[in-house]
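In: test case, fold it:
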Amino acid sequence: MDSGGADADVRLLVFILQSTAPGEINDGLMELLIMINACKTASARRITAVIPNFPYARQDKKDKSRAPISAKLIANMLQTAGCNHVITMDLHASQIQGFFNVPVDNLYAEPSALRYIRENFDYRNAVIVSPDAGGAKRATAIADRLDLGFALIHKERARPNEVSRMVLVGDVEGKIAILVDDMADTCGTLVKAADTVMQHRAKEVVAIVTHGILSGKAIETLNGSKLSRIVVTNTVPHEAKKELCPRLDTIDISPTLAEACRRTHNGESVSFLFSHAPME
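Out: Next comes the predicted model:
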């Protein structure tokens, strides 16, 4: 926050950071709305909501009759409360930015993930794998930046919400398979993808995910999987779950959010952070 000097506008610039933990999403959202409105009624000059994991982001379209577009509702609520700017990370669907009439900076975990891969793996002997067709663009971007091969898993469904089998397109034999995705909820897809990759004689399989929601029996599922390591960012609090799953590792994205706030406050470009991870 900044008062701007003796002769300047003394109204404050406010940054409100609010994470959304599984089971407490609605509580966190309500707290955020109340804090934004409190700052608005206190005559804050600009209110920026820093939301590492945007709530209800998967409900971004009307995929069946009478279904709600909840992400649009969240956007309306934030703006009605008085939010002037939103900073978030790895939106499930980029078009959510269009739900707002205020600026939205959608940061990416990719630069931090690239640094983690370079520092923790023999990545020259690795291949980047997308666990489904929807994540192909994300996986190919990482593969191109690392100059690595790319593979894709195609899911065949016997009926809705039930994957009958997975088909691997690409070569993973003798390599470290790195599964990349934006979100891990129940982890069923990740675990089945790991099984498929190991069946094709991969040396090792690890998963790197931005939002580690890990709801329901996710930890139990991961502990019984063939994944040697599951790497998530701290956009969602998961410290208690790390004690239950020794394979869980964390990428800290707080430097990226902090630098985004600093650049926003100083009127600098945020686009630098789309391809670079600040030093911790």
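
In: so in the protein, where's the weakest helix or strand by average pLDDT?
Out: Using mean pLDDT, DSSP states H and E, strand 162-169 stands out as the lowest-scoring helix or strand of the chain, at a mean of 77.

In: mind listing what the lengthiest strand in the chain pairs with, with the direction of each?
Out: The longest strand of the chain (DSSP state E) is strand 149-159. Its sheet considered, strand 149-159 pairs with strand 126-130 (parallel), strand 162-169 (antiparallel) by DSSP bridges.

In: out of these, which one sits most buried?
Out: strand 126-130 (a mean of 26; mean count of other C-beta atoms under 10 Å). For glycine as for every other residue, the C-beta is placed from the backbone atoms N, C-alpha and C.

In: Phe15 touches Val50, doesn't it?
Out: Yes: with contact defined as C-beta atoms under 8 Å, Phe15 counts as touching Val50 (5.8 Å).

In: what's the burial count for Ala218?
Out: 22 (other C-beta atoms under 10 Å).

In: so how far is Gly188 from it?
Out: Per C-beta to C-beta, to the nearest Å, Ala218 is found 9 Å from Gly188.

In: overlap in contacts of these two?
Out: Residues touching both Ala218 and Gly188 by C-beta atoms under 8 Å, 6 or more residues apart in numbering: none at all.

In: what pLDDT, on average, does the longest strand of the chain get?
Out: Averaging pLDDT along strand 149-159 gives 80.

In: quick one, helices of the stretch 101-250 of the chain?
Out: For the stretch 101-250 of the chain, applying DSSP state H, counting those that start in this stretch gives helices covering 110-120, 136-146, 188-199, 218-223, 239-244.

In: okay, these in TSV with mean pLDDT and distance to Tyr56 next?
Out: Shown next, in TSV, are the helices of the stretch 101-250 of the chain (pLDDT from 0 to 100; distance: least, C-beta to C-beta, whole Å):
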stretch	mean pLDDT	distance to Tyr56
helix 110-120	95	23
helix 136-146	93	21
helix 188-199	92	20
helix 218-223	94	19
helix 239-244	91	22
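
In: of these, flag the one that's most buried.
Out: Using mean count of other C-beta under 10 Å, helix 188-199 ranks as the most buried of those, with a mean of 20.
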